[in-house]
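**Q** Give me a 3D structure for the following:
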Amino acid sequence: MNATTDKIWSLLEEVTDPEVPVLSVIDLGIVRDVKVVDKAVEVVITPTYSGCPAMDVIAMTIRMTLLQEGYGPVKVSTVLSPAWTTEWMTERGKEKLRAFGIAPPTPLQQVCHTQLFHRDEAIACPRCGSYHTRMISEFGSTACKALYRCEDCREPFDYFKCH
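**A** Coordinates of the predicted model:
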């Protein structure tokens, strides 16, 4: 990487996910590559889900952020393969989720995400830390989350599903 590419990666740390505003696109791991030729920039992203409604806003925000910093033209390209996985999230991003009240995917769940038994794995409550939780709905506030409730503190919370 060079100084320009490093600066762009740094700027992308400030571009947040509109559905989970505590996470940057870097925290999410959706930025796959940054290419710079002269002043032209291409940012390659992979959506968390195909058809994710936030991706248009994210691409527009990336473009606007870089144009405001004097880069241009700016192209944001989407690649679908390999498919995004929660393994691409940063550990810092997972901690931000927990602090925001969303249970992050766990390492075991990430490894087992294609196997049926992962649904039986206990999800820790991000508020009190209890594993005495249960799923209320497979779908939470967005497609990438499920809705859980802690049986100890009785609070509902989103769980960022593994995939």
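
**Q** can we go C-alpha only for contacts and neighbour counts from here?
**A** OK.

**Q** How about the contacts made by Leu66?
**A** Counting by C-alpha atoms under 8 Å, 6 or more residues apart in numbering, Leu66 touches 8, 11, 72, 74.

**Q** Would you double-check that the second one falls in a helix?
**A** Spelled out, it's Leu11. Yes: counting by DSSP: H, G, I helix; E, B strand; the rest coil, Leu11 is found in a helix.

**Q** Looks like it contacts Leu67 (just checking).
**A** No: Leu11 is beyond contact range of Leu67, at 11.1 Å (criterion: C-alpha atoms under 8 Å).

**Q** Considering the contacts of Leu66, which possesses the most neighbours?
**A** Neighbour counts for those, by other C-alpha atoms under 10 Å, peak at Ile8, which reaches 20 neighbours.

**Q** Any chance you could give me the strand or helix carrying that one in PDB, C-alpha atoms only?
**A** Using DSSP states H and E, the element containing Ile8 is helix 3-12. The C-alpha trace of helix 3-12 is given here as PDB (Å, rounded to 0.1, in the frame of the first residue of the first chain):
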ATOM      1  CA  ALA A   3       0.200   6.800   1.400                       C
ATOM      2  CA  THR A   4      -2.900   7.500  -0.800                       C
ATOM      3  CA  THR A   5      -4.300   4.000  -0.300                       C
ATOM      4  CA  ASP A   6      -3.600   4.100   3.400                       C
ATOM      5  CA  LYS A   7      -5.400   7.500   3.600                       C
ATOM      6  CA  ILE A   8      -8.500   6.000   1.800                       C
ATOM      7  CA  TRP A   9      -8.600   3.000   4.100                       C
ATOM      8  CA  SER A  10      -8.500   5.500   7.000                       C
ATOM      9  CA  LEU A  11     -11.400   7.500   5.500                       C
ATOM     10  CA  LEU A  12     -13.400   4.300   5.100                       C
END
